[in-house]
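Peer 1: Pasted the sequence and its predicted model underneath.
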Amino acid sequence: MLLAKNLKFLRTQVQMTQTELAEKLGLQRTMISAYEDGRSEPKLSSLDIMAKLFHVNIDELLYHDIEAQGRKAVQNKSIKVLTIAVDGGDNEKITMVGQKASAGYLNGYADPEYMESLPQFHLPNLSRHTTYRAFELSGDSMLPLVPGTIIIGSYVEQIKDIKSGKTYVLVTVTEGVVYKRVFNYLEENGKLFLVSDNEHYKPYEVKGEDVLEVWEAKAFISTDFPNPKDKSKPVSLEDISQMILELKSEIIRLGGK
């Protein structure tokens, strides 16, 4: 059973003291110390509170090595209930999340009133059976798409459906709103690898449980026309695969954490 290790890891991750956790459970601090040392086991009622407090299920808390393997992010359920906008004919509209709105989107993506305050529009030739959202790019990590380009993404209900090598807009609690080429290693370690098409940016990983929304890139809108003299080129899929292998080797060398 991995309760002792998981409890200490999850508590320190959220910077909670043993005393603070004990207060939430209605226990003495010494009991939390005993749980984390493996000298005692909590009652089911306390386990239930812990699971809710750290956003895990009891089975994961007891038997899954969260620190070493990451969260069990592959689930057969929707990431969340999606807030959408419709017109007078009950047709879905595309909500636009601009650069300045990105920070507020993390707090307001599930708030209908906030979503209604964002710009909305229609585009022709898109499926009426799919929900779309538009995100404005910032930075140059996805050249040749320049800052200000608008990415049109279709909603992905389940994070496990992310296809390695394709580009997505991810809304995450750790990185905010990002547009990257994504490689899906959820079944291996509960994580995603995010890669920039601009070779000057290094790949990095995101835990599956930190992902709030996933939007698969389907189209883009830009006022910047390609310049044939521009020597900036995106890295190839072969280059990306090599970067992923190097990154995974480095993670393994450092202990897989």
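Peer 2: Thanks, I have the structure now. Numbers count the residues shown, from 1 in each chain.

Peer 1: Pretty sure residue 175 sits against residue 206.
Peer 2: Yes. Under the criterion of C-beta atoms under 8 Å, residue 175 is in contact with residue 206, at a separation of 6.3 Å. (Each C-beta comes from the backbone N, C-alpha and C, glycine too.)

Peer 1: So which of these two has more stuff around it?
Peer 2: Shown here are residue 175 and residue 206; by other C-beta atoms under 10 Å, residue 206 has more neighbours (21 against 14).

Peer 1: hmm, back to that, residues shared between the contacts of residue 175 and residue 206?
Peer 2: Common neighbours of residue 175 and residue 206 (criterion: C-beta atoms under 8 Å, 6 or more residues apart in numbering): residue 194.

Peer 1: As a check, name the ranges of all helices in the stretch 51-200 of the chain.
Peer 2: Applying DSSP state H, counting those that start in this stretch to the stretch 51-200 of the chain gives helices spanning 58-63, 66-69, 102-108, 112-116, 186-189.

Peer 1: Now mean neighbour count too, for those, in a markdown table please.
Peer 2: Output for the helices of the stretch 51-200 of the chain, formatted as a markdown table (neighbours: other C-beta atoms under 10 Å):
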| stretch | mean neighbour count |
| --- | --- |
| helix 58-63 | 15 |
| helix 66-69 | 16 |
| helix 102-108 | 15 |
| helix 112-116 | 13 |
| helix 186-189 | 15 |
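
Peer 1: can you redo those helices as a markdown table with mean pLDDT?
Peer 2: As requested, those are exported to a markdown table (pLDDT from 0 to 100):
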| stretch | mean pLDDT |
| --- | --- |
| helix 58-63 | 84 |
| helix 66-69 | 80 |
| helix 102-108 | 82 |
| helix 112-116 | 83 |
| helix 186-189 | 81 |
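
Peer 1: okay, those in JSON lines with distance to residue 150 next?
Peer 2: Shown next, in JSON lines, are the helices of the stretch 51-200 of the chain (distance: least, C-beta to C-beta, whole Å):
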{"stretch": "helix 58-63", "distance to residue 150": "38"}
{"stretch": "helix 66-69", "distance to residue 150": "37"}
{"stretch": "helix 102-108", "distance to residue 150": "13"}
{"stretch": "helix 112-116", "distance to residue 150": "17"}
{"stretch": "helix 186-189", "distance to residue 150": "28"}
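
Peer 1: All set now, cheers.
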